[in-house]
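In: one predicted model, sequence on top.
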Number of protein chains: 2
Amino acid sequence: MNTEMSPVELRRAVRSGEFTGNTSGVAQGFVQCNLAILPADWANEFLQFCQLNQKPCPLVGMSAQPGDTGILALGEDLDIRTDVPKYRIFKDGEFAQEVDDIRDYWRDDLVTFALGCSFSFEEALIADGLDVRNVTEGVNVPMYRTNVACKPAGRFSGDTVVSMRPMKPVDAIRAIQICSRFPSVHGAPIHFGDPAQIGISDINTPDYGDAVTIKDGEVPVFWACGVTPQVALEQAKPPFCITHSPGHMLVTDLPNSRLAVL
Amino acid sequence: MNTEMSPVELRRAVRSGEFTGNTSGVAQGFVQCNLAILPADWANEFLQFCQLNQKPCPLVGMSAQPGDTGILALGEDLDIRTDVPKYRIFKDGEFAQEVDDIRDYWRDDLVTFALGCSFSFEEALIADGLDVRNVTEGVNVPMYRTNVACKPAGRFSGDTVVSMRPMKPVDAIRAIQICSRFPSVHGAPIHFGDPAQIGISDINTPDYGDAVTIKDGEVPVFWACGVTPQVALEQAKPPFCITHSPGHMLVTDLPNSRLAVL
């Protein structure tokens, strides 16, 4: 895979069926997004849920009107029905099907939400010389369900899911500074140190992703994670909903640096 | 003591001998500084030491020329010889004498350095609702010698001294964000968690100041501390030097908020 491919080139390759893989490391330097597509009668409550829980559910863009298949702010020629490598269809909160293209499932009442993803801040951490363990070890980041409750909004509620990256304290302090600049990709960590304090019983057994090595002198550092809205969707059980498949993100034309608030 | 006294009023009360006490909590909202006064032939190396070690030795102001008794940037009528409640005179690196006034010791070759102090960031932490334990418990902040070496400059070298405030991790993350805005008052912490990692053997026995309670679920958070340059001065042993007495700071006309870099 050519990591130097531009976001537009990548989306065209996805659209033509030429690219159907994981988007980790492709079109580097550009924002990738988690996706949630919901019927209009569920969209307002989901929007409220995102606004009340910005750390796990940072809204980067949404469709202007129900049925819109583009999000202008994220890419001029973007077609949300074809430009994500893999989608998951949920019915009544249950996973039903994985597909490469959702044109056959599209409806005029669907609203698209694009949420920030940790790829952006990982790039900023690596650029600063920090070791991002899941990248170094070439695995998916470990993720855990916690007992940190999200603020409920209508039919949406649930606990926060976190991703974990082990670091020396001095590096964790630097990571907190760097990530604070990027609130729309989960922002600063929400916890470090003792996993039990946020309801994680075994750091070596993540609920999602892969375990990573925690070296001597390192502490686990926990970021709110984009799996949180997926869990909220599974619990709310809307009759119909579409998400991206894990790791198969919407690649946008926004440079990561554009998300820095300062 | 009237905590509502303005910096100018406070300095005049100090100058007249009416106020000789600890400046903690007085003239709230304004920057207080650590003081180091050195002969010109030592000043350049000390300035370099501060520039190489900005976290423990953040330079807020210095006299424009050797012999100057004012620092215009810090206060219009400021007289460095009379406006600090208590001074310490050092000879060959040894403490010689504590005095209220240094007019009798003044020399035309003396250069004054005013360094940032933790009072400013403690105020910002408290304003954000965080518990600053040494303030809550009404004691001096606990300080420790560490094994974190400063970068040497000429005759100046030494290990970093840190102050410690215990916090829950979520509060420590917020404190790191707040303090990052204030690099000239020590900035972000340099460590949290295991004291042994920075060479502290017993957290309950500080080298300076008083021990504070560390509650269940809290971790110690360590900031570079203004005692560091004093230790460097003691080790360098300049033939003559003057500092403030611990807790008896130079109160300036600078609002704390003016130090925020963003």
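Out: Structure's in. What do you need?
In: contacts and neighbour counts: CA atoms only from here.
Out: Noted.
In: got the residues of the stretch 101-250 of chain A near chain B?
Out: Listed as neighbours of chain B in the stretch 101-250 of chain A under the rule C-alpha under 8 Å from any C-alpha of the partner chain: A:169-170, A:173, A:176-177, A:180, A:188-193, A:197, A:217.
In: the same query, at a cut-off of 6 Å, please.
Out: Proximity of the stretch 101-250 of chain A to chain B, by C-alpha under 6 Å from any C-alpha of the partner chain, involves residues A:169-170, A:190-192.
In: can you name the residue of the stretch 1-150 of chain A nearest chain B?
Out: Residue of the stretch 1-150 of chain A nearest chain B, by C-alpha to the nearest C-alpha: residue A:148 (11.8 Å).
In: name the nearest of the residues of the stretch 101-250 of chain A next to chain B relative to residue A:202.
Out: Nearest to residue A:202 out of those is residue A:192 (C-alpha to C-alpha; 14.6 Å).
In: ok, now which ones touch the closest residue to the closest one other than its chain neighbours?
Out: Counting by C-alpha to C-alpha, 6 or more residues apart in numbering or on different chains, the nearest residue to residue A:192 once its immediate chain neighbours are dropped is residue A:221, at 4.3 Å. Under the criterion of C-alpha atoms under 6 Å, 6 or more residues apart in numbering or on different chains, the contact partners of residue A:221 comprise A:164-166, A:192.
In: in a helix, residue A:221, correct?
Out: No. The secondary structure assignment for residue A:221 gives strand rather than a helix, going by DSSP: H, G, I helix; E, B strand; the rest coil.
In: that one bridge partners, please.
Out: Judged by DSSP bridges, the bridge partners of residue A:221 are residue A:165, residue A:192.
In: quick revisit: just the buried ones from the residues of the stretch 101-250 of chain A next to chain B?
Out: A:169, A:190-192 (16 or more other C-alpha atoms under 10 Å in any protein chain shown).
In: how many neighbours does residue A:108 have?
Out: Residues near residue A:108, counting by other C-alpha atoms under 10 Å in any protein chain shown, number 12.
In: and residue A:119, by the same measure?
Out: For residue A:119, the count of nearby residues is 23 (other C-alpha under 10 Å).
In: and what of the one 3 residues further on?
Out: The number of residues packed around residue A:122, counting by other C-alpha under 10 Å, is 21.
In: and it, backbone torsions?
Out: Backbone torsions of residue A:122, given as degrees, to the nearest 10, read phi -60, psi -40.
In: so what pLDDT did it get?
Out: For residue A:122, the pLDDT comes out at 95.
In: related to what we said a few turns ago, now the residue nearest to residue A:192: how far from residue A:162?
Out: 9 Å (C-alpha to C-alpha, to the nearest Å).
In: picking up where we left off before, name the nearest of the buried ones among the residues of the stretch 101-250 of chain A next to chain B relative to residue B:58.
Out: Of all those, residue B:58 sits closest to residue A:169, with 22.0 Å by C-alpha to C-alpha.
In: can you pull the contacts of the closest one?
Out: Neighbouring residues of residue A:169 by C-alpha under 6 Å, 6+ apart: B:191-192.
In: how does it look with 7 Å?
Out: Residue A:169 makes contact with A:218-219, B:191-192 under the criterion C-alpha atoms under 7 Å, 6 or more residues apart in numbering or on different chains.
In: circling back: helix, strand, or coil at the residue of the stretch 1-150 of chain A closest to chain B?
Out: Under the three-state scheme (three-state DSSP), residue A:148 adopts strand.
In: skip the chain neighbours and tell me the closest residue to residue A:86.
Out: Residue A:86 sits nearest to residue A:100 (C-alpha to C-alpha, 6+ apart), 4.7 Å away.
In: residues contacting that neighbour?
Out: Applying C-alpha under 7 Å, 6+ apart, we find residue A:100 in contact with A:85-87.
In: give me the domain ranges for chain A.
Out: A:7-117+A:236-259, A:119-229 (automatic domain parsing).
In: which phi and psi values does the closest residue to residue A:118 other than its chain neighbours adopt?
Out: On the basis of C-alpha to C-alpha, 6+ apart, the spatially nearest residue to residue A:118 that is not a chain neighbour turns out to be residue A:185, at 5.9 Å. For residue A:185, the backbone dihedrals are phi -130, psi 50 (criterion: degrees, to the nearest 10).
In: now residue A:258
Out: Backbone torsions of residue A:258, given as degrees, to the nearest 10, read phi -70, psi -20.
In: residue A:34 is in contact with residue A:115, isn't it?
Out: Yes. Here residue A:34 lies in contact with residue A:115, judged by C-alpha atoms under 7 Å, at a distance of 4.9 Å.
In: of all the domains of chain A, which one is nearest residue B:4?
Out: domain A:119-229 (34.0 Å).
In: mind checking the end-to-end distance for the closest one?
Out: Rule used - C-alpha to C-alpha; the end-to-end distance of domain A:119-229 is 17 Å.
In: repeat for stretch A:105-118
Out: Across its full length, stretch A:105-118 reaches 28 Å end to end, with C-alpha to C-alpha as the criterion.
In: and for stretch A:217-236?
Out: Per C-alpha to C-alpha, the first residue of stretch A:217-236 is 41 Å away from its last.
In: tell me the buried residues in that stretch?
Out: Using 16+ other C-alpha under 10 Å as the burial criterion, the residues of stretch A:217-236 that qualify are A:218-236.
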